[in-house]
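Student: A predicted structure for the sequence below; I have some questions about it.
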Amino acid sequence: MLLKGSVILVPYDCGPDNRPVQARGHKAHWAVISGFLIPSKAIPPHSTPLSACPGFHLLQAGTSKEDVHQVLHHTEQDAVMVVARQSKSVELGIWSRDKLVDSCRNLEEAAEKRLDGSYVLPDGGLREGLCGQVLVLG
């Protein structure tokens, strides 16, 4: 999805630095995912090393499916990172994919202050309406 230009919205609990935390939905916000970083022991052909992120390479536009599959085959799944930002922030972050997933799966209830009618909450609340869900745009 992201390789085809889509953007993914993920509901999650936002910590003070915008990184995912587990607050049972009391700090729920949307994360906007625009990319990902995949650590791989295989160096992808036609890629550029990212000097600020050792072990990561930038895949060029038009990278073949075979090359992508080769990288994925050698990927350390628990080290996959997402390029994201908290929905109101202008700063991009690089977050652990697993921590974002865990935060999304931990959405259980809205904070008391969000029950005053000024927030739009899904039918069934956070647990039934947002927990473990994502929106794909594009």
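Tutor: Noted; the coordinates are in hand.
Student: from here on, contacts and neighbour counts on C-alpha atoms
Tutor: OK.
Student: Do a quick rundown of the helices in this structure.
Tutor: Along the chain, counting by DSSP state H, helices occupy 65-73, 97-105, 125-129.
Student: ok, the residue lying farthest from the centre of the chain - contacts?
Tutor: Distance from the centre of the chain peaks at residue 116, with 28.8 Å (C-alpha atoms, centre = their mean). With contacts taken as C-alpha atoms under 8 Å, 6 or more residues apart in numbering, residue 116 has no neighbouring residues.
Student: on that earlier part again, can you redo the helices of the chain as a markdown table with mean pLDDT?
Tutor: As requested, the helices of the chain are arranged in a markdown table below (pLDDT from 0 to 100):
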| stretch | mean pLDDT |
| --- | --- |
| helix 65-73 | 78 |
| helix 97-105 | 97 |
| helix 125-129 | 92 |
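Student: Out of these, which is the most enclosed?
Tutor: Most buried of those, by mean neighbour count (mean count of other C-alpha atoms under 10 Å): helix 97-105, with a mean of 21.
Student: Restricting to C-alpha, output it in CSV.
Tutor: The C-alpha coordinates for helix 97-105 follow below in CSV (Å, rounded to 0.1, in the frame of the first residue of the first chain):
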residue,chain,number,x,y,z
ARG,A,97,6.0,-0.6,14.0
ASP,A,98,5.4,-3.1,16.8
LYS,A,99,4.9,-0.3,19.4
LEU,A,100,2.4,1.4,17.2
VAL,A,101,0.5,-1.8,16.6
ASP,A,102,0.5,-2.5,20.4
SER,A,103,-0.7,1.0,21.1
CYS,A,104,-3.5,0.7,18.5
ARG,A,105,-4.6,-2.7,20.0
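Student: Output the contacting helices and strands for that helix.
Tutor: Applying 3 or more C-alpha pairs under 8 Å, 6 or more residues apart in numbering; DSSP states H and E, one finds that helix 97-105 makes contact with strand 7-14, strand 20-21.
Student: Give me the pLDDT for the closest residue to residue 104 other than its chain neighbours.
Tutor: In space, residue 104 comes closest to residue 12 once its chain neighbours are excluded; the distance is 4.5 Å by C-alpha to C-alpha, 6 or more residues apart in numbering. At residue 12, the model reports a pLDDT of 97.
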